[in-house]
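# turn this into a structure:
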Amino acid sequence: MAYYLIGIDLGGTKLSAGLTDTDGRVIRLEREPVATPWDVRQTVAAMAAIAHRVAQDVPAAAVLAVGVAICGVVDRQAGTVKASPALGWHDVHLKDDLRERLPWDVFVGNDNGLATLAEWQHGGGRGTESLLGVYVGTGVGAGLILDGRLYEGRHFAAGQLGRVFLPVGGTNGFGQRRGRLEEIASGPALCHRVLRALLAGEPSMIKMTTGGVVTPEEIGRAEREGDSLALRAIAESADALGVVIANAVTLLDPDRVVLGGGVVRAIPTLPARVREVVRRHGDWGMACPHEVTPAEFGREAPIIGAALLARTAGRLATESMATGGTRKMGETGR
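Here you go, the predicted model:
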(Lines give C-alpha, C1' and ligand atoms only; values in the text may rest on other atoms or scores of the structure.)
Protein backbone atom coordinates (compact mmCIF):
# COMPACT_ATOMS: atom_id res chain seq x y z
CA MET A 1 0.00 0.00 0.00
CA ALA A 2 1.22 3.48 -0.88
CA TYR A 3 1.50 5.95 1.97
CA TYR A 4 0.64 9.65 2.02
CA LEU A 5 0.87 12.79 4.13
CA ILE A 6 -1.35 15.84 4.45
CA GLY A 7 0.03 19.37 4.70
CA ILE A 8 -2.19 22.28 5.75
CA ASP A 9 -1.29 25.98 5.53
CA LEU A 10 -3.39 28.61 7.30
CA GLY A 11 -2.42 31.97 5.85
CA GLY A 12 -3.62 35.52 6.22
CA THR A 13 -6.52 35.17 3.77
CA LYS A 14 -6.55 31.56 2.57
CA LEU A 15 -6.62 28.03 3.88
CA SER A 16 -4.71 25.53 1.74
CA ALA A 17 -4.12 21.81 2.01
CA GLY A 18 -2.26 19.25 -0.04
CA LEU A 19 -2.04 15.48 -0.18
CA THR A 20 1.59 14.52 -0.75
CA ASP A 21 3.63 11.39 -1.14
CA THR A 22 6.22 10.55 1.50
CA ASP A 23 8.81 12.75 -0.25
CA GLY A 24 6.57 15.82 -0.09
CA ARG A 25 5.49 15.86 -3.74
CA VAL A 26 2.01 17.37 -3.94
CA ILE A 27 -0.57 15.04 -5.48
CA ARG A 28 -3.72 17.03 -4.80
CA LEU A 29 -4.11 20.64 -3.72
CA GLU A 30 -7.09 22.67 -2.53
CA ARG A 31 -7.44 26.30 -1.46
CA GLU A 32 -10.32 28.30 -0.06
CA PRO A 33 -10.78 31.76 1.45
CA VAL A 34 -11.04 32.08 5.21
CA ALA A 35 -13.57 34.34 6.85
CA THR A 36 -12.14 36.90 9.25
CA PRO A 37 -11.91 37.31 12.15
CA TRP A 38 -10.46 33.84 12.54
CA ASP A 39 -12.84 32.21 14.99
CA VAL A 40 -10.90 29.26 16.38
CA ARG A 41 -13.74 26.75 16.35
CA GLN A 42 -14.87 27.61 12.82
CA THR A 43 -11.32 27.69 11.49
CA VAL A 44 -10.45 24.31 13.03
CA ALA A 45 -13.59 22.85 11.49
CA ALA A 46 -12.59 24.24 8.09
CA MET A 47 -9.07 22.81 8.46
CA ALA A 48 -10.42 19.37 9.30
CA ALA A 49 -12.85 19.50 6.38
CA ILE A 50 -10.20 20.43 3.83
CA ALA A 51 -7.91 17.67 5.14
CA HIS A 52 -10.68 15.12 4.62
CA ARG A 53 -11.31 16.43 1.10
CA VAL A 54 -7.74 16.19 -0.15
CA ALA A 55 -7.54 12.64 1.20
CA GLN A 56 -10.96 11.48 0.04
CA ASP A 57 -9.56 9.20 -2.69
CA VAL A 58 -7.15 7.25 -0.47
CA PRO A 59 -7.80 4.88 2.44
CA ALA A 60 -7.58 6.59 5.83
CA ALA A 61 -4.99 4.02 6.92
CA ALA A 62 -2.71 5.12 4.06
CA VAL A 63 -2.33 8.63 5.53
CA LEU A 64 0.60 8.65 7.93
CA ALA A 65 0.00 12.03 9.59
CA VAL A 66 -1.07 15.63 9.13
CA GLY A 67 1.24 18.63 9.36
CA VAL A 68 -0.02 22.19 9.86
CA ALA A 69 1.86 25.38 9.01
CA ILE A 70 0.61 28.51 10.75
CA CYS A 71 1.88 32.06 11.16
CA GLY A 72 2.96 32.99 14.66
CA VAL A 73 4.83 31.60 17.63
CA VAL A 74 4.22 27.85 17.73
CA ASP A 75 5.26 25.39 20.41
CA ARG A 76 5.83 22.51 18.01
CA GLN A 77 6.27 19.89 20.69
CA ALA A 78 2.98 20.76 22.40
CA GLY A 79 1.18 21.61 19.17
CA THR A 80 0.10 24.95 20.63
CA VAL A 81 -0.14 28.31 18.89
CA LYS A 82 1.33 30.51 21.61
CA ALA A 83 0.64 33.76 19.78
CA SER A 84 -0.47 34.67 16.28
CA PRO A 85 -1.12 38.40 16.00
CA ALA A 86 -2.25 38.05 12.40
CA LEU A 87 -4.99 35.63 13.46
CA GLY A 88 -5.67 37.11 16.89
CA TRP A 89 -4.95 33.73 18.48
CA HIS A 90 -3.29 33.14 21.85
CA ASP A 91 -2.62 29.78 23.51
CA VAL A 92 -4.70 27.80 21.04
CA HIS A 93 -4.23 24.04 21.47
CA LEU A 94 -4.45 23.45 17.74
CA LYS A 95 -3.03 19.92 17.75
CA ASP A 96 -5.58 18.74 20.30
CA ASP A 97 -8.46 20.61 18.66
CA LEU A 98 -7.72 19.13 15.24
CA ARG A 99 -7.06 15.68 16.64
CA GLU A 100 -10.64 15.58 17.89
CA ARG A 101 -11.85 15.95 14.29
CA LEU A 102 -9.29 13.85 12.39
CA PRO A 103 -8.35 10.16 12.48
CA TRP A 104 -4.64 10.96 12.04
CA ASP A 105 -1.78 12.27 14.16
CA VAL A 106 -1.36 16.06 13.88
CA PHE A 107 1.84 18.12 14.10
CA VAL A 108 1.99 21.92 14.06
CA GLY A 109 4.81 24.31 13.14
CA ASN A 110 5.56 27.88 12.10
CA ASP A 111 4.84 28.53 8.42
CA ASN A 112 8.15 30.23 7.61
CA GLY A 113 10.15 27.58 9.39
CA LEU A 114 8.34 24.83 7.52
CA ALA A 115 8.69 26.63 4.18
CA THR A 116 12.43 26.76 4.87
CA LEU A 117 12.40 23.05 5.71
CA ALA A 118 10.82 22.38 2.30
CA GLU A 119 13.42 24.53 0.53
CA TRP A 120 16.22 22.83 2.45
CA GLN A 121 15.17 19.31 1.59
CA HIS A 122 13.86 19.69 -1.94
CA GLY A 123 14.23 23.31 -3.13
CA GLY A 124 16.70 26.17 -3.24
CA GLY A 125 18.52 25.04 -0.08
CA ARG A 126 19.38 21.52 -1.23
CA GLY A 127 22.88 20.41 -0.29
CA THR A 128 23.35 22.87 2.56
CA GLU A 129 23.83 22.30 6.26
CA SER A 130 22.59 25.75 7.31
CA LEU A 131 19.97 27.82 5.53
CA LEU A 132 18.20 31.12 6.14
CA GLY A 133 14.83 31.39 4.42
CA VAL A 134 13.30 34.88 4.17
CA TYR A 135 9.72 35.36 2.98
CA VAL A 136 8.27 38.70 1.91
CA GLY A 137 4.50 38.90 1.67
CA THR A 138 1.85 40.38 3.93
CA GLY A 139 4.68 40.55 6.48
CA VAL A 140 8.32 39.54 6.53
CA GLY A 141 9.33 36.33 8.24
CA ALA A 142 12.16 33.84 8.25
CA GLY A 143 13.01 30.24 8.97
CA LEU A 144 16.33 28.76 10.05
CA ILE A 145 18.07 25.47 9.44
CA LEU A 146 21.23 25.39 11.56
CA ASP A 147 23.66 22.48 11.38
CA GLY A 148 21.07 20.24 9.80
CA ARG A 149 18.19 20.98 12.17
CA LEU A 150 15.17 23.24 12.13
CA TYR A 151 15.93 25.92 14.71
CA GLU A 152 12.97 27.51 16.49
CA GLY A 153 14.53 29.28 19.48
CA ARG A 154 14.14 28.91 23.21
CA HIS A 155 10.68 30.53 23.13
CA PHE A 156 9.72 29.21 19.67
CA ALA A 157 10.02 32.76 18.27
CA ALA A 158 13.13 32.49 16.07
CA GLY A 159 12.77 33.98 12.61
CA GLN A 160 10.72 37.10 13.43
CA LEU A 161 12.84 39.06 10.97
CA GLY A 162 10.09 41.51 10.12
CA ARG A 163 10.15 42.82 13.69
CA VAL A 164 13.76 44.01 13.40
CA PHE A 165 14.22 47.79 13.66
CA LEU A 166 16.49 49.63 11.26
CA PRO A 167 17.17 53.26 10.42
CA VAL A 168 15.95 54.48 7.05
CA GLY A 169 17.35 57.64 5.50
CA GLY A 170 15.20 60.16 3.69
CA THR A 171 17.32 60.29 0.54
CA ASN A 172 15.06 57.88 -1.34
CA GLY A 173 12.28 60.44 -1.56
CA PHE A 174 9.80 58.69 0.73
CA GLY A 175 10.92 60.55 3.84
CA GLN A 176 10.94 57.62 6.27
CA ARG A 177 13.41 57.79 9.15
CA ARG A 178 13.02 54.61 11.17
CA GLY A 179 10.87 51.53 11.27
CA ARG A 180 10.56 47.79 11.47
CA LEU A 181 11.61 45.81 8.42
CA GLU A 182 8.06 44.70 7.56
CA GLU A 183 6.89 48.32 7.82
CA ILE A 184 9.27 49.06 4.94
CA ALA A 185 9.66 45.90 2.87
CA SER A 186 6.40 43.94 3.18
CA GLY A 187 3.90 43.90 0.35
CA PRO A 188 1.41 46.27 2.03
CA ALA A 189 4.20 48.69 2.98
CA LEU A 190 5.60 48.73 -0.56
CA CYS A 191 2.17 49.26 -2.09
CA HIS A 192 1.26 51.97 0.42
CA ARG A 193 4.41 53.97 -0.41
CA VAL A 194 3.68 53.78 -4.10
CA LEU A 195 0.00 54.65 -3.64
CA ARG A 196 0.91 57.66 -1.52
CA ALA A 197 3.25 58.91 -4.25
CA LEU A 198 0.60 58.39 -6.94
CA LEU A 199 -2.03 60.27 -4.93
CA ALA A 200 0.48 63.08 -4.46
CA GLY A 201 0.64 63.39 -8.25
CA GLU A 202 3.95 61.73 -9.06
CA PRO A 203 3.95 60.62 -12.73
CA SER A 204 4.16 56.86 -13.15
CA MET A 205 3.09 53.95 -15.35
CA ILE A 206 1.79 52.17 -12.26
CA LYS A 207 -1.97 51.71 -12.43
CA MET A 208 -4.34 51.51 -9.49
CA THR A 209 -7.13 48.94 -9.52
CA THR A 210 -10.75 50.01 -9.79
CA GLY A 211 -10.84 49.83 -5.99
CA GLY A 212 -8.04 52.39 -5.75
CA VAL A 213 -5.27 50.05 -4.59
CA VAL A 214 -1.84 49.12 -5.94
CA THR A 215 -0.56 45.53 -6.17
CA PRO A 216 3.00 44.16 -6.08
CA GLU A 217 2.33 42.58 -9.47
CA GLU A 218 1.57 46.00 -10.96
CA ILE A 219 4.68 47.49 -9.39
CA GLY A 220 6.73 44.63 -10.83
CA ARG A 221 5.23 45.18 -14.28
CA ALA A 222 6.05 48.89 -14.16
CA GLU A 223 9.59 48.14 -12.99
CA ARG A 224 10.16 45.96 -16.08
CA GLU A 225 9.16 48.96 -18.19
CA GLY A 226 11.64 51.21 -16.41
CA ASP A 227 9.18 53.23 -14.34
CA SER A 228 11.13 55.50 -11.99
CA LEU A 229 8.65 55.30 -9.09
CA ALA A 230 8.57 51.51 -9.20
CA LEU A 231 12.36 51.33 -9.40
CA ARG A 232 12.77 53.67 -6.43
CA ALA A 233 10.19 51.92 -4.27
CA ILE A 234 11.63 48.47 -4.98
CA ALA A 235 15.15 49.74 -4.32
CA GLU A 236 14.09 50.92 -0.86
CA SER A 237 12.60 47.52 -0.04
CA ALA A 238 15.75 45.79 -1.32
CA ASP A 239 17.97 48.09 0.74
CA ALA A 240 16.04 47.37 3.94
CA LEU A 241 15.95 43.63 3.31
CA GLY A 242 19.62 43.58 2.35
CA VAL A 243 20.78 45.39 5.47
CA VAL A 244 18.84 43.10 7.81
CA ILE A 245 19.90 39.95 5.93
CA ALA A 246 23.54 41.12 5.93
CA ASN A 247 23.35 41.44 9.71
CA ALA A 248 21.68 38.03 10.00
CA VAL A 249 24.28 36.23 7.91
CA THR A 250 27.06 38.03 9.79
CA LEU A 251 25.66 36.58 13.00
CA LEU A 252 24.72 33.11 11.74
CA ASP A 253 27.03 32.45 8.76
CA PRO A 254 24.59 30.13 6.89
CA ASP A 255 25.55 28.34 3.69
CA ARG A 256 22.81 30.09 1.74
CA VAL A 257 19.85 32.48 1.90
CA VAL A 258 16.67 31.76 -0.05
CA LEU A 259 14.26 34.61 -0.65
CA GLY A 260 10.60 33.83 -1.32
CA GLY A 261 7.05 34.99 -0.72
CA GLY A 262 4.38 36.70 -2.76
CA VAL A 263 6.31 39.95 -3.23
CA VAL A 264 9.33 38.06 -4.58
CA ARG A 265 7.13 36.15 -7.02
CA ALA A 266 5.62 39.45 -8.19
CA ILE A 267 9.02 41.20 -8.40
CA PRO A 268 11.53 38.51 -9.50
CA THR A 269 14.42 41.00 -9.62
CA LEU A 270 14.28 41.38 -5.83
CA PRO A 271 16.69 38.52 -4.90
CA ALA A 272 19.43 39.91 -7.17
CA ARG A 273 18.91 43.40 -5.75
CA VAL A 274 19.06 42.09 -2.18
CA ARG A 275 22.17 40.05 -3.00
CA GLU A 276 24.01 43.20 -4.06
CA VAL A 277 23.01 45.01 -0.87
CA VAL A 278 24.23 42.06 1.23
CA ARG A 279 27.54 42.11 -0.59
CA ARG A 280 27.85 45.87 -0.16
CA HIS A 281 27.11 45.87 3.56
CA GLY A 282 28.89 42.69 4.57
CA ASP A 283 32.36 42.94 6.05
CA TRP A 284 33.71 39.43 6.47
CA GLY A 285 37.35 40.15 5.61
CA MET A 286 36.91 38.23 2.36
CA ALA A 287 34.75 38.08 -0.73
CA CYS A 288 31.07 37.69 0.15
CA PRO A 289 30.64 33.96 0.82
CA HIS A 290 26.85 34.00 1.15
CA GLU A 291 24.54 33.08 -1.69
CA VAL A 292 21.16 34.83 -1.92
CA THR A 293 18.92 32.90 -4.30
CA PRO A 294 15.21 32.79 -5.14
CA ALA A 295 13.13 30.18 -3.37
CA GLU A 296 12.13 27.36 -5.71
CA PHE A 297 8.71 26.68 -4.22
CA GLY A 298 5.83 29.13 -4.38
CA ARG A 299 2.69 29.25 -2.26
CA GLU A 300 2.88 25.49 -1.74
CA ALA A 301 6.13 25.70 0.27
CA PRO A 302 4.48 25.70 3.75
CA ILE A 303 2.26 22.78 2.68
CA ILE A 304 5.28 20.74 1.58
CA GLY A 305 7.15 21.68 4.76
CA ALA A 306 4.16 20.74 6.91
CA ALA A 307 3.98 17.35 5.20
CA LEU A 308 7.71 16.84 5.77
CA LEU A 309 7.24 17.74 9.44
CA ALA A 310 4.47 15.15 9.64
CA ARG A 311 6.73 12.61 7.97
CA THR A 312 9.56 13.26 10.41
CA ALA A 313 7.51 13.53 13.58
CA GLY A 314 4.80 11.04 12.69
CA ARG A 315 4.66 7.34 12.12
CA LEU A 316 8.20 6.95 10.78
CA ALA A 317 8.49 3.36 11.81
CA THR A 318 5.54 2.45 9.57
CA GLU A 319 6.92 4.53 6.72
CA SER A 320 10.39 3.11 7.10
CA MET A 321 9.09 -0.45 6.80
CA ALA A 322 6.99 0.52 3.79
CA THR A 323 9.71 2.40 1.90
CA GLY A 324 12.92 0.83 3.19
CA GLY A 325 13.96 4.18 4.66
CA THR A 326 16.57 4.61 7.35
CA ARG A 327 15.55 7.86 9.04
CA LYS A 328 15.56 7.86 12.79
CA MET A 329 12.83 9.21 14.99
CA GLY A 330 13.46 12.80 16.00
CA GLU A 331 15.43 13.89 12.94
CA THR A 332 14.11 17.19 11.62
CA GLY A 333 15.44 17.02 8.11
CA ARG A 334 17.68 14.57 6.45
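# residue 18 falls within a strand, correct?
Yes - counting by DSSP: H, G, I helix; E, B strand; the rest coil, residue 18 is located in a strand.
# how many neighbours does it have?
26 (other Cβ atoms under 10 Å). Bear in mind the C-beta positions are built from the backbone N, C-alpha and C, glycine included.
# try residue 205
14.
# measure it to residue 237 for me?
18 Å (Cβ to Cβ, to the nearest Å).
# swap in residue 132?
On the measure of Cβ to Cβ, residue 132 and residue 237 end up 18 Å apart.
# the stretch 151-300 of the chain: helices as residue ranges?
Residue ranges of the helices in the stretch 151-300 of the chain, as given by DSSP state H, counting those that start in this stretch, are 182-185, 187-199, 216-224, 228-252, 262-266, 270-281.
# where in the stretch 1-150 of the chain is pLDDT low?
For the stretch 1-150 of the chain, applying pLDDT under 70 flags no range at all.
# which parts of it are helices?
Under DSSP H, counting those that start in this stretch, the stretch 1-150 of the chain gives helices at 40-54, 94-99, 111-122.
# my guess is residue 93 contacts residue 75, does it?
No - taking Cβ atoms under 8 Å as the definition, residue 93 is not a contact partner of residue 75, at 9.8 Å.
# show me where pLDDT drops low in the stretch 201-334 of the chain?
If you take pLDDT under 70 as the line, the stretch 201-334 of the chain has these spans: 284-289, 314-334.
# what separates the residue lying farthest from the centre of the chain from residue 229, distance-wise?
No residue in the chain sits farther from the centre than residue 201, which is 34.9 Å out by Cα atoms, centre = their mean. Taking Cβ to Cβ as the measure, residue 201 falls 11 Å from residue 229.
# cool, and residue 308?
In terms of Cβ to Cβ, residue 308 sits 41 Å off from residue 229.
# so between those two, which is more surrounded?
residue 308 (27 against 20).
# just to be sure, the more buried one is in a strand?
No - under three-state DSSP, residue 308 falls outside any strand and is assigned helix.
# what's the closest non-adjacent residue to it?
Spatial nearest neighbour of residue 308, excluding adjacent residues (Cβ to Cβ, 6 or more residues apart in numbering): residue 24 at 5.0 Å.
# same thing with residue 36?
Closest to residue 36 by Cβ to Cβ, 6+ apart is residue 13, at 7.9 Å.
# which residues touch that neighbour?
33-34, 36 (Cβ atoms under 8 Å, 6 or more residues apart in numbering).
# out of these, grab the one that's most surrounded.
residue 34 (20 neighbours).
# so what's that residue up against?
10-11, 13-15, 43, 46.
# so which of those would you say is closest to residue 68?
residue 10 (7.0 Å; Cβ to Cβ).
# any idea what the closest one is bridged to?
Beta-bridge partners of residue 10, counted by DSSP bridges, are residue 15, residue 70.
# chain neighbours aside, what residue packs nearest to residue 283?
Using Cβ to Cβ, 6+ apart, the closest residue to residue 283 is residue 250 (7.8 Å).
# how near is that neighbour to residue 89?
The value you get for residue 250 to residue 89, if Cβ to Cβ is used, is 34 Å.
# for residue 195, same thing?
On the measure of Cβ to Cβ, residue 195 and residue 89 end up 30 Å apart.
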